[in-house]
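Asker: Could you work out the structure for the sequence below:
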Amino acid sequence: MSGHNRWTKIKRYKAVVGAAKGRLFSKVIKEITVSARLGGGDPAGNARLRVALAAAKAANIPADTVTRAVKKGTGELEGVQYEEVLYEGYGPGGVAMLVECLTDNTNRTASDVRSAFSSHGGSLAAQNAVKFVFQHRGNVVVKAGPAEDVVMAAAIDAGADDVLNHGADGFEVRTEPGALHQVAAALEKAGLSLGEQKWIWTPTTSVPVEGEKAKLLLKLMEVLEENDDVQNVSANFEMDEKLMEQWV
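Answerer: This is a model prediction of the structure:
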């Protein structure tokens, strides 16, 4: 399993308890509010909101909390105005990184992100200096159980681009960004049990890191993920899986 995929698994594991769960709730609620503000409160006509609502359901966020978040986005209730910001940078070992943020104070967020990079052997980069290393994709998780050929056949019929087999961790089905919901609906109709559905940044090349640089990179990613303004962190690293699992 590639480094960024293993990191995603570690994030999911850490998000089930304690403060990490609280941060997950906060990030999902913020995304719901922004999605509703940008595309309206009806998920039928707002693809981004549908993804956010699916994440809220997976995280077991109470329905009334979700409803309030939607109404804050549509202006029915007073709420904070968030701005989307994408930071690009390099981590230890020259690893390319994208940091997606939703913030009500860009000066604070920029300072926090810059400090995290500089304190952990990295640096912020100019706009578009790093983004070209990644592709924006739709990603549907299929829970473990069915054979790979079953998932592959369903994915092909659904119009997906690729299937990644993660063994006991299930599968990831990759799509064009605009086909995410269409593919997910087709996979579900085919009888597959689905997990997380979202848009992701996938690296087209990878950078191997090891030793102290690998540890520093993991710490940098953890510090960024713990920031309330940070929604997602993407990176193009490869490292020993045992080292990453020790991070849990």
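Asker: which helix of this protein spans the most residues?
Answerer: When the chain is parsed with DSSP state H, its longest helix is helix 18-39.
Asker: quick check: domain ranges of this protein?
Answerer: 3-74, 133-203 (automatic domain parsing).
Asker: Would you single out the least confident of those domains?
Answerer: Note on the domains of the chain: lowest mean pLDDT is at domain 3-74, with a mean of 80.
Asker: For this structure, which segments count as strands?
Answerer: Counting by DSSP state E, one finds strands in the chain at the ranges 83-90, 96-103, 123-124, 134-142, 162-165, 171-175, 194-203, 207-208, 230-235, 237-238.
Asker: for those strands, which one sits closest to residue 152?
Answerer: The closest of these to residue 152 is strand 162-165. By C-beta to C-beta, the value is 5.2 Å. The way it works is simple: take the backbone N, C-alpha and C, and place the C-beta from them, glycine included.
Asker: so how far is the closest one from its chain's centroid?
Answerer: 17 Å (C-alpha atoms, centre = their mean, to the nearest Å).
Asker: What of stretch 49-65?
Answerer: That offset, for stretch 49-65, works out to 15 Å (C-alpha atoms, centre = their mean).
Asker: Pull out the buried positions in it.
Answerer: 49-56, 58-59, 61 (16 or more other C-beta atoms under 10 Å).
Asker: Which residues does that stretch contact?
Answerer: 15, 21, 24-25, 28-29, 31-32, 35-36, 39-43, 66, 70, 180-181, 195-199 (C-beta atoms under 8 Å, 6 or more residues apart in numbering).
Asker: Kindly provide the distance from the nearest residue to residue 145 once chain neighbours are set aside to residue 60.
Answerer: Using C-beta to C-beta, 6 or more residues apart in numbering and skipping the chain neighbours, the partner closest in space to residue 145 is residue 193 (6.6 Å). According to C-beta to C-beta, to the nearest Å, residue 193 and residue 60 sit 17 Å apart.
Asker: And residue 176, by the same measure?
Answerer: Using C-beta to C-beta, we find residue 176 at a distance of 30 Å from residue 60.
Asker: go on, residue 161?
Answerer: From residue 161 to residue 60 the distance is 31 Å (C-beta to C-beta).
Asker: re earlier: make JSON lines out of the strands of the chain and add distance to residue 155 and mean neighbour count.
Answerer: Output for those, formatted as JSON lines (distance: least, C-beta to C-beta, whole Å; neighbours: other C-beta atoms under 10 Å):
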{"stretch": "strand 83-90", "distance to residue 155": "29", "mean neighbour count": "18"}
{"stretch": "strand 96-103", "distance to residue 155": "26", "mean neighbour count": "22"}
{"stretch": "strand 123-124", "distance to residue 155": "37", "mean neighbour count": "14"}
{"stretch": "strand 134-142", "distance to residue 155": "8", "mean neighbour count": "21"}
{"stretch": "strand 162-165", "distance to residue 155": "5", "mean neighbour count": "16"}
{"stretch": "strand 171-175", "distance to residue 155": "5", "mean neighbour count": "23"}
{"stretch": "strand 194-203", "distance to residue 155": "12", "mean neighbour count": "19"}
{"stretch": "strand 207-208", "distance to residue 155": "29", "mean neighbour count": "16"}
{"stretch": "strand 230-235", "distance to residue 155": "22", "mean neighbour count": "22"}
{"stretch": "strand 237-238", "distance to residue 155": "25", "mean neighbour count": "22"}
